[in-house]
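Chemist: missing the sequence, but the structure's below:
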C-alpha cells in the first residue's frame, strides 16, 4: 500500500511541476516570437519581428486594438526609442534611430544588445555581412560595420 501512495504522490508532484518545466522561453505574455531580422543602415536599425498570438488573445486584439501588442513588442525587443511603423497579427516592423555608434567616415558599431525573450531565429544584416543566431536572447560583443 505504501508503494502506491508514493507512486501517486510522485505523479501528483510531476503533474504540478511539468507545466513549469515546459515554459516557453520564446513567449512573452500572449506573444510567441518566431524570428527577428535586424537590418543596420548607417546608425539606424530596421527591425522585423514575426510572432504568433495565443488564440483567445487574437480576438481581444481585434476588438480592443493593438496598443497593448505594440507595448509588449517594444518590451520584447528592448530597444530605447523604437518606433512601430507597421503592425499586424503575425508581424511588425520597427525603426530605431541612432542605435549604432557613429565613428565618422562611414564606420559604425552596433553594441551588445539583450532581448527580453529567447529569439529562435535572429538575423542581423550590415552592408558587409549577415550574422545568424539561433535560440539566443542577446547579441554579444556587438558588430562593427561600414556604410556602403
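Modeler: Yep, it's here. From a predicted model like this one, the values you see are computed outputs, not experimental measurements.

Chemist: so residue 86 lies in a helix, does it not?
Modeler: No - per DSSP: H, G, I helix; E, B strand; the rest coil, residue 86 lies outside any helix segment and is strand.

Chemist: wait, it sits on residue 95?
Modeler: No - Residue 86 is beyond contact range of residue 95, at 9.7 Å (criterion: Cβ atoms under 8 Å). (Each C-beta comes from the backbone N, C-alpha and C, glycine too.)

Chemist: looking at this structure, which strand is longest?
Modeler: In the chain, assigned by DSSP state E, the strand with the most residues is strand 113-125.

Chemist: and it, what does it pack against?
Modeler: strand 27-28, strand 31-41, helix 67-77, strand 130-139 (3 or more Cβ pairs under 8 Å, 6 or more residues apart in numbering; DSSP states H and E).

Chemist: and for the residue nearest to residue 133 when sequence neighbours are not counted, the neighbour number?
Modeler: Counting by Cβ to Cβ, 6 or more residues apart in numbering, residue 122 is the residue found nearest to residue 133 once chain neighbours are left out, at 4.2 Å. Residue crowding around residue 122 was assessed by other Cβ atoms under 10 Å; the count is 21.

Chemist: I'd say residue 122 and residue 130 touch.
Modeler: No - the criterion here is Cβ under 8 Å, and residue 122 misses it with residue 130 at 11.1 Å.

Chemist: what bridges to the residue nearest to residue 133?
Modeler: Residue 122 forms beta bridges with residue 36, residue 133, as assigned by DSSP bridges.
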